[in-house]
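*Asks:* sequence isn't available, so here's the structure alone:
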């Protein structure tokens, strides 16, 4: 039986995706075996420094203005923490490098039926924690492999996926998917063939309600009553 599909899009450097990870975790736990959750990356910070320098010019720049904004967001949630160096001193060049690494992990590990058991999912969360909670530069491949080693993942297959271009191709497929589906923000839940799209700081109850509605009539054509 094919399970209803829920697509999740995020960027590892997005603070809203960081604080909302708990909702993705609860969603995967609550609906395990009832929906299929696909994890994808949307390129919000492909050039993190360039984007933020431009966007926060005149507002304190990255180290003051944007870092203060991130601290304010994280400070509103008890389940996550922020390292003092995140964005103030440690400013990753790009999220793309980390995304490509996660794709490499996904290509070299067995697919898991439960999203939470997926090595790619666990690696993505480890990267988010490494930056936001530990103040490490996750755009550096050295840091990425240190995290993989700590997780017990074999280095050689990941390196092969990176050097062969397969990981880049997989990441490119995500970018094309975002373009085709008009996904521009992080985090975004998409379901019911795009009829239900939840973007940004959305509470779990709203996510739950949308998935319950999807499960109520997964094959019904309720898009148009005319």
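*Replies:* Structure's in. What do you need? Bear in mind that the values here come from a model prediction, so they are computed numbers and not experimental data.

*Asks:* ranges for the helices of the chain?
*Replies:* Using DSSP state H, the helices found in the chain span residues 15-30, 48-55, 67-75, 96-107, 119-132, 141-150, 155-163, 166-181, 204-216.

*Asks:* for residue 1, find the nearest of these.
*Replies:* The closest of the helices of the chain to residue 1 is helix 204-216. By Cβ to Cβ, the value is 12.7 Å. C-beta here means a position set from N, CA and C on the backbone, and glycine is covered the same way.

*Asks:* work out the gap between that closest one and the centre of the chain.
*Replies:* Its chain's average C-alpha position is 20 Å from that of helix 204-216, according to Cα atoms, centre = their mean, to the nearest Å.

*Asks:* what comes up buried for that helix?
*Replies:* 207, 210-211, 214 (16 or more other Cβ atoms under 10 Å).

*Asks:* pick the most buried one from the helices of the chain.
*Replies:* helix 96-107 (a mean of 24; mean count of other Cβ atoms under 10 Å).

*Asks:* show me what that one is packed against.
*Replies:* If you count contacts as 3 or more Cβ pairs under 8 Å, 6 or more residues apart in numbering; DSSP states H and E, helix 96-107 packs onto strand 36-41, helix 119-132, helix 141-150, helix 155-163, helix 166-181.

*Asks:* so which elements touch the first one?
*Replies:* Counting contacts by 3+ Cβ pairs under 8 Å, 6+ apart, strand 36-41 is packed against strand 5-10, helix 15-30, helix 96-107, helix 119-132, helix 166-181.

*Asks:* who does the shortest one pair up with?
*Replies:* Going back to what we said before, that points to strand 5-10. Paired with strand 5-10 in the same sheet, following DSSP bridges, are strand 36-41 (parallel), strand 188-191 (antiparallel).

*Asks:* and these, which is most packed in?
*Replies:* strand 188-191 (a mean of 22).

*Asks:* residue 5: neighbour count?
*Replies:* Neighbour count for residue 5, taken as other Cβ atoms under 10 Å: 15.

*Asks:* spatially nearest residue to it (excluding sequence neighbours)?
*Replies:* Distances taken as Cβ to Cβ, 6 or more residues apart in numbering place residue 36 nearest to residue 5, at 5.3 Å, with adjacent residues excluded.

*Asks:* just checking, the one you found touches residue 7?
*Replies:* No - look at residue 36 against residue 7 with Cβ atoms under 8 Å: they stay out of range, at 9.4 Å.

*Asks:* now the buried residues of helix 204-216 as CSV including pLDDT and distance to residue 162?
*Replies:* CSV is the format used below for those (pLDDT from 0 to 100; distance: Cβ to Cβ, whole Å):
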residue, pLDDT, distance to residue 162
207, 97, 33
210, 96, 36
211, 96, 34
214, 93, 36
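
*Asks:* want to throw those into TSV with distance to residue 110?
*Replies:* Listed next are the buried residues of helix 204-216 as TSV, based on distance: Cβ to Cβ, whole Å:
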residue	distance to residue 110
207	27
210	30
211	26
214	27
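
*Asks:* and which of those residues is nearest to residue 84?
*Replies:* Of the buried residues of helix 204-216, the one sitting nearest to residue 84 (Cβ to Cβ) turns out to be residue 207, at 31.5 Å.

*Asks:* contacting residues around the nearest residue to that closest one once chain neighbours are set aside?
*Replies:* Spatially, and ignoring its direct neighbours in sequence, residue 207 is nearest to residue 27 (5.6 Å; Cβ to Cβ, 6+ apart). Counting by Cβ atoms under 8 Å, 6 or more residues apart in numbering, residue 27 touches 6, 37, 204, 207-208, 211.

*Asks:* cool, thanks, signing off.
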